[in-house]
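Peer 1: Sequence first, predicted model second:
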Amino acid sequence: MLAARLVVALVGIPLLLGVTFLGGWWLNLLAELITLVGLMEFYHLAKRMQLKPMVPAGLLGGLFLIPVAYLSKGMPAWFLAVVTLGLLFLFLLMFPRLGVADLAVTFLGIWYVGGLVAYLPLIRLLPGGAGALTMVFLLTWATDSGAYFCGLLFGRRHPWPRLSPGKTWAGAIGGLFGSILIALAIGPLLLPGLSYWLLGGLAILVAVTAQAGDLIESGLKRQAGVKDSGWLLPGHGGILDRFDSLLLVAPVVYYYLVFFLS
C-alpha cells in the first residue's frame, strides 16, 4: 500500500507542480479532468445512498463553472443563479420522477467538486500566483503526510471513531506541525508578501481545513457504505480520496491571500 502511494506521488507531484508553473489553460484542463472524475465519483456515492442525481446536468454545470470563473477572474455570482434556476426548471419538468433530495445532491456536487476545484486556477491568477498555488499543494501535502505518519507512529486516541476510525489526535497535531514547518521554511520564498505571522496563520488554516475536508469525504463514504470513492489512483483510491483535503483548502487560501495581499 505504501509503495503504491509513493509511486503515485512520484508521478503526480511533478505533474501538478509542472502544470502550476505553466498555468493558463493547461491548469484549467487539469482542473477540468479532476472535476470530471471527481463529479462522477461523487454522484456514484450519491447513488449508493439511494439518491438519483441528474448526472449530465451536474457534469455540465461543474465543468462549465471552471472556465467561467477563470475568464471572470473570480467566482461569478450570476452563474449561481443560472445553475439554480436551471436545476429548478429540470425539477419542474421531471416531476414527480425527481425528488428534492436528488435536486439538492446534484447542486451540491456542482459546487463541492467543480466550484471548489475552480479556485485552483483562480489562485494562479493572483499576483505571484505560481508561488501561491505551489504553497497550497505543499501545505496540503505536509498536513496529510504529517497526519499520516504521526498517526501511524503515535496515534492512540480516536476522536471520530464513527466518522473515520483511523484518525487520531496525534495525527491531527502532526498535520498541524507539518503545515507550520513548511510554511515557515518555504513560505518566505514563495509568498514574500506575507510576514511570518501571516504565514503561520495560513498554515493553521490549511491544516484545519485540509483535515476537515478529509473527514467530510470520510463521512460521505460512510453513508455510501464504501471504502474508497474510486479506484483510479493505486494506494489512494479515487480522485476525491486524493483531493478531498485540497477542495476545502483552495477557497480558504484564495480569500486569505486576496484579503492580506490586496
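Peer 2: Looks like it arrived, so ask away. Numbers count the residues shown, from 1 in each chain.

Peer 1: Near residue 176, how many other residues are there?
Peer 2: Neighbourhood size, residue 176 [other CB atoms under 10 Å]: 22. For the C-beta atoms, the positions are set from N, CA and C on the backbone; glycine is no exception.

Peer 1: Look at it and tell me its secondary structure.
Peer 2: Residue 176 falls in the helix class when you classify it by DSSP: H, G, I helix; E, B strand; the rest coil.

Peer 1: since we're on the closest residue to residue 74 other than its chain neighbours, how many residues are nearby?
Peer 2: For residue 74, ignoring the flanking residues on the chain, the nearest one in space by CB to CB, 6 or more residues apart in numbering is residue 122 at 6.8 Å. Residues lying near residue 122 (other CB under 10 Å) number 23.

Peer 1: any idea how far residue 255 is from residue 122?
Peer 2: As defined by CB to CB, to the nearest Å, residue 122 lies at a distance of 10 Å from residue 255.

Peer 1: now residue 45
Peer 2: Counting by CB to CB, the gap between residue 45 and residue 255 amounts to 27 Å.

Peer 1: Looking at these two, which is more packed in?
Peer 2: Neighbours per residue (other CB under 10 Å) separate residue 45 from residue 255, with residue 45 holding more: 24 against 13.

Peer 1: moving C-terminal of the helix or strand harbouring that one, what's the next helix or strand?
Peer 2: Using DSSP states H and E, residue 45 sits within helix 24-48. Next along the chain after helix 24-48, taking DSSP H and E as the criterion, comes helix 55-72.

Peer 1: CA atoms of the helix or strand just after that next one as PDB?
Peer 2: Elements were assigned by DSSP H and E; along the chain past helix 55-72, the next helix or strand is helix 77-94. The C-alpha atoms that make up helix 77-94 are tabulated as PDB, following Å, rounded to 0.1, in the frame of the first residue of the first chain:
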ATOM      1  CA  ALA A  77     -22.500  35.200  -8.700                       C
ATOM      2  CA  TRP A  78     -24.600  35.100 -11.900                       C
ATOM      3  CA  PHE A  79     -23.500  31.600 -12.500                       C
ATOM      4  CA  LEU A  80     -25.000  30.500  -9.200                       C
ATOM      5  CA  ALA A  81     -28.300  32.000 -10.300                       C
ATOM      6  CA  VAL A  82     -28.200  30.300 -13.700                       C
ATOM      7  CA  VAL A  83     -27.400  26.900 -12.200                       C
ATOM      8  CA  THR A  84     -30.100  27.200  -9.500                       C
ATOM      9  CA  LEU A  85     -32.800  28.300 -12.000                       C
ATOM     10  CA  GLY A  86     -31.700  25.600 -14.500                       C
ATOM     11  CA  LEU A  87     -32.000  22.800 -11.900                       C
ATOM     12  CA  LEU A  88     -35.300  24.100 -10.600                       C
ATOM     13  CA  PHE A  89     -36.700  24.000 -14.100                       C
ATOM     14  CA  LEU A  90     -35.500  20.500 -14.600                       C
ATOM     15  CA  PHE A  91     -37.200  19.600 -11.300                       C
ATOM     16  CA  LEU A  92     -40.400  21.000 -12.700                       C
ATOM     17  CA  LEU A  93     -40.100  19.200 -16.000                       C
ATOM     18  CA  MET A  94     -39.200  15.900 -14.400                       C
END
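
Peer 1: What lies in contact with whichever helix or strand comes after helix 77-94?
Peer 2: The C-terminal neighbour of helix 77-94 among helices and strands, as given by DSSP H and E, is helix 100-109. The list of residues contacting helix 100-109 from outside it, by CB atoms under 8 Å, 6 or more residues apart in numbering, reads 39, 42-43, 46, 49, 51-55, 57-58, 62, 83-84, 87-88, 90-91.

Peer 1: May I have helix 100-109 as PDB, with CA atoms only?
Peer 2: Extracted as PDB, the C-alpha positions of helix 100-109 are listed here (Å, rounded to 0.1, in the frame of the first residue of the first chain):
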ATOM      1  CA  VAL A 100     -36.000  17.400  -3.800                       C
ATOM      2  CA  ALA A 101     -33.100  15.400  -2.300                       C
ATOM      3  CA  ASP A 102     -32.000  14.400  -5.900                       C
ATOM      4  CA  LEU A 103     -32.000  18.000  -6.900                       C
ATOM      5  CA  ALA A 104     -30.100  19.100  -3.800                       C
ATOM      6  CA  VAL A 105     -27.300  16.400  -4.300                       C
ATOM      7  CA  THR A 106     -26.900  17.400  -7.900                       C
ATOM      8  CA  PHE A 107     -26.400  21.000  -6.900                       C
ATOM      9  CA  LEU A 108     -24.100  20.100  -4.100                       C
ATOM     10  CA  GLY A 109     -21.900  18.100  -6.500                       C
END
